[in-house]
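Asker: what follows is a protein structure lacking sequence information:
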C-alpha cells in the first residue's frame, strides 16, 4: 500500500535500530573505552558511545530493509515496522544510510579516525558480508557474519587508546565465540521460521542434533577464551572466579540442550547466553575498578 507521511511514528523508526541488539553494542563499547589504558574526556566518552550505538543501529535498519521479504514470513520478525507497513522500505534504507554516514563522520572528527574507520568497516561487514552475502547462502552465516557484533568493544578501546593491542582483540574473540551458540539456540527454537523463510541456518541445513553438538563445541571454546584475560594477567582473581562460574553454567546449559530430545532447553540456553555476556563484561569492569 502507499504510505502517508503520518503512518510512521518516531517509535517505528527507533525500532528499526534493533534496540536490544544496540544495547549490546552500547555496553560492550563502554567496557572497551573504560578498560583502555588511556583516559578520555567525559564529553568524548559520550560522543564515542553515541556514535558506536547509532552506527550499530543504522546497520540494523539497513538489514531490516534488505531482509523485509523474509521478515514478513517469520513469526519472530513479521511485526517489524516494514512488514506491517509502518515504514516505507526506502525510508528505512535512507534512515540507515544517513545515520551510518553521520555516526562515522562525527566519530572521526570528534574522537579519532582509526575508530571511525573501524565503525565504518563494522557497518560494511554487517550489511554486505553478513546480510547480503552470507545470510542466505551458507549455514556458517552467523559464525563469519557474527564478527560484526564483536567490533564495538574494539572500537570503544580505539576511541580511548587510539590504537589496537592484544586485549581488545581478546574482547573481540570472546564475543565472536559467544555468537554461534547464542544464535543457534534461538535458531533451534525458531526452526520452522527459518525453514519457511528458506534461511540456511545450521539446524535447517545440518539438522538439530548436529547444531547442538556445535553449540557445545563453541561454548567450550568460549569458556577457554574467557580464561585468557586472567592467564595473560590482564585481570585478577575476582574475574577468574566469576568467569569460571559463568562459563561452567553456560557449558551446562549447552550440554543439557544436547541431551534434550524435545528441544525445550533451546530458549533457556539462548536467554542464559545474554545473561552470560552481560555478566562477564560487568565482571571485567568490577575487577578493573577493584584493582586500580
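Answerer: Received it, and whenever you're ready, just let me know what you need. Not measured: the values here are computed from a predicted model.

Asker: what count of nearby residues applies to residue 179?
Answerer: 23 (other C-beta atoms under 10 Å). Using the backbone N, CA and C atoms, a C-beta is placed for each residue, glycine as well.

Asker: low-confidence ranges, the protein, go.
Answerer: Residues of the chain that meet the criterion pLDDT under 70 lie in 1-7.

Asker: show me where it has helices.
Answerer: Using DSSP state H, the helices of the chain run over 10-16, 19-35, 42-66, 68-71, 89-110, 113-124, 141-145, 151-161, 166-189, 191-196, 202-206, 208-231, 237-258, 266-290.

Asker: so which bits of the shortest one are buried?
Answerer: This means helix 68-71. 68, 70-71 (16 or more other C-beta atoms under 10 Å).

Asker: check the third one too.
Answerer: When neighbours are counted by 16+ other C-beta under 10 Å, the buried residues of helix 42-66 are found to be 44-45, 47-66.

Asker: cool, and the last one?
Answerer: The neighbour-count check on helix 266-290 (16+ other C-beta under 10 Å) flags 266, 269-270, 272-273, 276-277, 279-281, 283-284, 287-288 as buried.

Asker: do the second one as well
Answerer: When neighbours are counted by 16+ other C-beta under 10 Å, the buried residues of helix 19-35 are found to be 22, 24-35.

Asker: just to revisit the earlier point, including distance to residue 79, could the helices of the chain go into JSON lines?
Answerer: Output for these, formatted as JSON lines (distance: least, C-beta to C-beta, whole Å):
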{"stretch": "helix 10-16", "distance to residue 79": "10"}
{"stretch": "helix 19-35", "distance to residue 79": "14"}
{"stretch": "helix 42-66", "distance to residue 79": "12"}
{"stretch": "helix 68-71", "distance to residue 79": "9"}
{"stretch": "helix 89-110", "distance to residue 79": "15"}
{"stretch": "helix 113-124", "distance to residue 79": "25"}
{"stretch": "helix 141-145", "distance to residue 79": "22"}
{"stretch": "helix 151-161", "distance to residue 79": "27"}
{"stretch": "helix 166-189", "distance to residue 79": "17"}
{"stretch": "helix 191-196", "distance to residue 79": "13"}
{"stretch": "helix 202-206", "distance to residue 79": "22"}
{"stretch": "helix 208-231", "distance to residue 79": "26"}
{"stretch": "helix 237-258", "distance to residue 79": "27"}
{"stretch": "helix 266-290", "distance to residue 79": "19"}
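
Asker: looking at those helices, which is nearest to residue 81?
Answerer: helix 10-16 (4.4 Å; C-beta to C-beta).

Asker: distance from the chain centre to that closest one, please.
Answerer: Offset of helix 10-16 from its chain centre (C-alpha atoms, centre = their mean, to the nearest Å): 19 Å.

Asker: what does that helix contact?
Answerer: Contact partners of helix 10-16, identified using C-beta atoms under 8 Å, 6 or more residues apart in numbering, comprise 57, 60-61, 64, 80-82, 86-87, 92, 95-96.

Asker: check which residues of that helix are buried.
Answerer: Neighbour counts over helix 10-16 (16+ other C-beta under 10 Å) mark 12-13, 15-16 as buried.

Asker: all set now, cheers.
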